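> Sequence plus predicted model, see below.
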Amino acid sequence: MRFMNKVALSALAITGVTCFSLAQPPGVGGGLGGMMMQGRGGDPTQLLNNKSVLDELKLSEEDAKEILQKYSDESSSLLAKILADKGKKDQAKRLEQIRTQQLGLRAFSDEKIGSLLKLSDEQKKEIKELGEDVRKEVEDLRKDIGMDFSKMGDMMKKVGELNKQALAKATELLKDDQKTAWQDLVGKPFEMKMGGGRGGPGGNRPRRVD
């Protein structure tokens, strides 16, 4: 029973992050993002997700969002650079493409990507409105299911479909040359499979089930 409760809570946390992923970097504040960082050790990105840490550092949530976005961009660029320096330029480019795909609609607010696409102010405005529409719809879905974890799977599917539809609408706003540049940025579709990670420097770690 304890194991099932953990699964349900994990699903709720993941959905909560998805709800806000269109509008900002990894969640900031004392809500679900703050709950998720507990037990994660000293990861600075997780620390900046916690409101009490922000209060101690005298940083606003907007400061944290900007810092986390820059950290994410520079970390990704560093990984790609390391791959390129090892002579794996194709892998470096593919890593960047996967990252862009994972950003989804938020990719268009990425400074580097926006510069490459040469988005107009009107395009930026319309894409931002798409993100706000999705956020509101997801919030409505969350209110509808409340704490009924049996409906969580269906909700996550709906959220995924909403994100997919919004991204399709955003790409339709692009001009032909922008669409060509966008396709080069994302490459062929990639499906991220959950689980199977290395679990840190020591490789895969067995999970305790109790």
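Thanks, I have it. Residues are numbered from 1 along each chain as shown.

> Quick one: the strands in this structure, in order.
Secondary structure of the chain by DSSP state E: no strands are present.

> In it, where is pLDDT below threshold?
1-43, 194-210 (pLDDT under 70).

> One more pass at 80, please.
1-45, 69, 72-73, 76-77, 192-210 (pLDDT under 80).

> Show the residue spans covered by the helices in the protein.
2-20, 32-37, 44-47, 51-57, 61-85, 89-103, 111-117, 121-145, 152-172, 176-186 (DSSP state H).

> mind checking which of these is nearest Met192?
Met192 lies closest to helix 89-103 among the helices of the chain, at 6.7 Å (Cβ to Cβ). Bear in mind the C-beta positions are built from the backbone N, C-alpha and C, glycine included.

> Buried ones in that closest one, by neighbour count?
By neighbour count on 16 or more other Cβ atoms under 10 Å, the buried set for helix 89-103 is Ala92, Lys93, Arg94, Leu95, Glu96, Gln97, Arg99, Thr100, Gln101, Leu103.

> Between all of those residues, which two are at the greatest distance?
Ala92 and Leu103, at 17.2 Å, using Cβ to Cβ across those.

> Double-check Lys169 against Gly131; I have them as touching.
No: using Cβ atoms under 8 Å, Lys169 is not in contact with Gly131, being 10.6 Å away.

> So these two - more neighbours on which side?
Higher neighbour count among Lys169 and Gly131: Gly131, with 22 against 15, using other Cβ atoms under 10 Å.

> burial count for Glu66?
14.

> hang on, the earlier thing: can you list the buried residues of helix 89-103 in CSV and add distance to Ser115?
As requested, those are arranged in CSV below (distance: Cβ to Cβ, whole Å):
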residue, distance to Ser115
Ala92, 19
Lys93, 17
Arg94, 21
Leu95, 19
Glu96, 14
Gln97, 17
Arg99, 16
Thr100, 13
Gln101, 19
Leu103, 15
